[in-house]
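[1] Next comes the sequence, and after it the predicted model I'd like to discuss.
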Amino acid sequence: MATTERIIGGGGGGAAYALLSLVLLSMASRISSLSVTVTNLECVYDYVLYEGDTVSGNFVVVDHDIFWNSDHPGIDLTVESPGGNIVHTLKGTSGDKFEFKAPRSGMYKFCFHNPQSTPETVSFNIHVGHIPSEHDLAKDEHLDPINVKIAELREALESVTLEQKYLKARDVRHRHTNESTRKRVIFYTVGEYILLALVSGLQVVYIRRLFSKSIGYNRV
């Protein structure tokens, strides 16, 4: 968790102060990305510093050899607050986005549940965003509207980055699906050719035996 020190400046240092604030704010809030292998139940923890912060993110089941079957129930995501209350749920999906307001500060738990108990690789991205409010402006004399605009710009950029990560994970998932489908098509095609060759061979043997019996009957 990055922390920032207050920098007091005036006059011509305003632009430099704004630029430095942007850098520090970008350091204080970053997107967490990780890959989780879910066999049955796996949980990830993230700390929310302020009550009312926006918690957003997404997940995509990337490695899904059994997801080609439409009967698969999908992956469940449950988010618990520091008090143990369920604040957000996603049921039976191979990937989705989420967003909610944190009811309180503290450690939040994100749990993935795989009903099939077959290992699935999940790409998970999460971001905790904080934009100073009017109350924060009143409390901190060094926090001016410029900082609020910088925070809003930072959150907009983070949202774009989060969406890009989500689309990239879905692209990987689609490539895996196409590769898996291609392998199955090749397997079934080769199987059909082998079966056709066997059936043709059996027909040839049967016809030859039939003709040899007919010749034997004619000789008698």
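    That came through, no problem.
[2] so how far is residue 200 from the most centrally placed residue in the chain?
    When C-alpha atoms, centre = their mean is applied to the chain, the residue found nearest the centroid is residue 59 (2.0 Å). Distance, residue 59 to residue 200, using C-beta to C-beta, to the nearest Å: 50 Å. Heads up, the C-betas are built off the backbone N, CA and C, glycines and all.
[3] same check, this time on residue 42
    51 Å.
[4] More neighbours: those two, which one.
    Per other C-beta atoms under 10 Å, whichever of residue 42 and residue 200 has more neighbours is residue 42, with 16 against 10.
[5] quick one: the more buried one and residue 109 touch, right?
    No - in this structure residue 42 lies outside contact range of residue 109 using C-beta atoms under 8 Å: 11.0 Å.
[6] who does the biggest helix by length in the chain touch, helix- and strand-wise?
    Assignment by DSSP state H gives helix 145-219 as the longest helix of the chain. Counting contacts by 3 or more C-beta pairs under 8 Å, 6 or more residues apart in numbering; DSSP states H and E, helix 145-219 is packed against helix 14-28, strand 54-63, strand 95-101, strand 120-129.
[7] Name the helix or strand of this structure that has the lowest mean pLDDT.
    helix 14-28 (a mean of 42; mean pLDDT, DSSP states H and E).
[8] Now for residue 109: which residues touch it?
    43, 44, 45, 79, 80 (C-beta atoms under 8 Å, 6 or more residues apart in numbering).
[9] Next: residue 86.
    Counting by C-beta under 8 Å, 6+ apart, residue 86 has contacts 78, 79, 80.
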